[in-house]
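> Need the 3D shape of this:
(one chain, ligands or ions: 1)
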Amino acid sequence: MKSVDLLVIGLGPGGGSAAAKAAAGGLNVLAVDRRQVIGEPVQCAEFIPNPMGAYARAHPVRLQSITGMQSILPSGAAHASDFPGLMIDRAEFDRAIARTAQDHGAELWTASRLTRLLPEERIATIRRNGQEQPVHYRALVAADGPHSTVATWLGLAPLATVNTRQYTVPLTQPLDDTIIWLSDDYPGGYAWLFPRGAVANLGLGLDPRLQPDLKAPLERLHRRLVAQGRVGSEVVRRTGGAIPVGGLRRRLHQGCIVFVGDAAGLTHPITGAGIAAAVVSGEHAGDAAVAFLHGDPAALAEYEEDMRDQFGPALARAVERRRDLQPLWHTPAAEQDATQRRGWIAFNEYFEAASA
Ligand SMILES: Cc1cc2nc3c(=O)[nH]c(=O)nc-3n(C[C@H](O)[C@H](O)[C@H](O)COP(=O)(O)OP(=O)(O)OC[C@H]3O[C@@H](n4cnc5c(N)ncnc54)[C@H](O)[C@@H]3O)c2cc1C
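Numbering: from 1, shown residues only. Next comes the predicted model:
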């Protein structure tokens, strides 16, 4: 049986970052992903905040700069805010991180899916090339996204998620802001237009319990922007995916298994942003695995404490805002600007609102 120090499940930004740090710290690392090609298909609007820029230096990861965000309220009023960042080629971003892991000595397996986990024995089964390959690990990083298979094998509850749908469409003129639409057309979420050079990612995320059909509202928004002459009618790429919106898991580690990124519930429940948190948590978890396997029994608990300190308050506020808004969707209140202002990070009311 193959035996490794650290097994990483998932090679998104969380898993790649964990593998890179752990391998740099001297561990024998195997990282696996069920995808044939790391990063593909892209399931992302591809915006990162400026502090993540250091990870997007290499060509062709960086696509364009973003200066601000325009938030459009139900009345049509537009609110401009500073929200600088970068648009990236997300597949190249994920691959650049995975390459760093490989350069540090991590072994990467693609088209390799975790199918079974025996946590007591520390044995994972990976389906690869049609064969079931058992792998013995000393520690494991669960970086396997919103529907974590590792969590399922540990008997943990699934994370609450919103569904998304996104088209990449031609832009008729250059844009250096992100645009957000807030209204009852997008219950439990919002719609976005994020420019990436000559094209833009036009998408929406919705609470599936309130609005299971994502296609109709996205087509409506697309038609409206075409009629306004802002985007072309062609759809050059279609994607979607789930975004965790329930906040942090109750525990971020169990025995020698540690959760990072979306699998940990670190994605922001209001904005859906999770790339930065995946990289930060992945790197911390990789370092924690090194310390743990070099004899520090508290290292994984300290990782959990660090993540709660760093992300907990913002995630808790976002969960609370979702809870406040929940009963208002599909009522006249959801079409009032004041309601949407309390539920969106660009407005002071978001940071002041008291729980109903
Ligand atoms: C439509 C959409 C738009 C988004 N836009 C943005 C944005 O603009 N900015 C932002 O910051 N965030 C955005 N997000 C969120 C962001 O994409 C995630 O937070 C981020 O990908 C989390 O990284 P991760 O490494 O934790 O998980 P993921 O990137 O989801 O990686 C998990 C990996 O695990 C693999 N995997 C899963 N199960 C198994 C298994 N059983 N065996 C082997 N491999 C497995 C998957 O193939 C995948 O590669 C968006 C999400 C969606 C869906």
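
> C-terminal to whatever helix or strand Tyr303 lives in, what's the next element?
Applying DSSP states H and E as the criterion places Tyr303 in helix 299-325. Next helix or strand after helix 299-325 toward the C-terminus (DSSP H and E): helix 337-342.

> same for that following helix, what does it pack against?
helix 299-325, helix 348-352 (3 or more C-beta pairs under 8 Å, 6 or more residues apart in numbering; DSSP states H and E). Where you see a C-beta, it was placed from the backbone N, CA and C, and this is true even at glycine.

> please redo it, this time with the cut-off set to 6 Å
For helix 337-342, not one helix or strand is in contact under the criterion 3 or more C-beta pairs under 6 Å, 6 or more residues apart in numbering; DSSP states H and E.

> List the buried residues of it.
Neighbour counts over helix 337-342 (16 or more other C-beta atoms under 10 Å) mark 337, 339-342 as buried.

> Closest approach to the ligand from the stretch 51-200 of the chain, which residue is it?
Nearest residue of the stretch 51-200 of the chain to the ligand: Gly145, at 3.1 Å (C-beta to the nearest ligand atom).

> Please verify my assumption that that residue contacts Gly261.
No: if you go by C-beta atoms under 6 Å, Gly145 and Gly261 don't touch, sitting 7.4 Å apart.

> Of the two, which one has the most company?
Gly261 (33 against 23; other C-beta atoms under 10 Å).

> how much space between that one and Ala277?
Distance, Gly261 to Ala277, by C-beta to C-beta, to the nearest Å: 7 Å.

> Which helix or which strand is home to the residue of the stretch 51-200 of the chain closest to the ligand?
Secondary structure from DSSP H and E places Gly145 outside every helix and strand.

> Find the residue closest to it in space, skipping its chain neighbours.
Nearest residue to Gly145, sequence neighbours excluded (C-beta to C-beta, 6 or more residues apart in numbering): Asp262, at 4.8 Å.

> what's the average pLDDT for the helix holding Tyr303?
For helix 299-325, the mean pLDDT works out to 98.

> Run the contact check for that helix versus the ligand.
No: residues of helix 299-325 are not located near the ligand by C-beta under 6 Å from any ligand atom, the shortest gap being 12.2 Å.

> just to revisit the earlier point, just the buried residues of helix 337-342 now: which is nearest Ala98?
Comparing the buried residues of helix 337-342 against Ala98 with C-beta to C-beta places Gln340 closest, at 38.5 Å.

> OK, contacts around that closest one?
Residues counted as contacts of Gln340 (C-beta atoms under 6 Å, 6 or more residues apart in numbering) are 73, 182.

> Show me what from the chain comes close to the ligand.
Within the chain, the residues that sit near the ligand (C-beta under 6 Å from any ligand atom) are 9-15, 32-35, 43-48, 113-114, 143-145, 149, 164, 166, 203, 240-241, 243, 261-263, 267, 272-276, 278.
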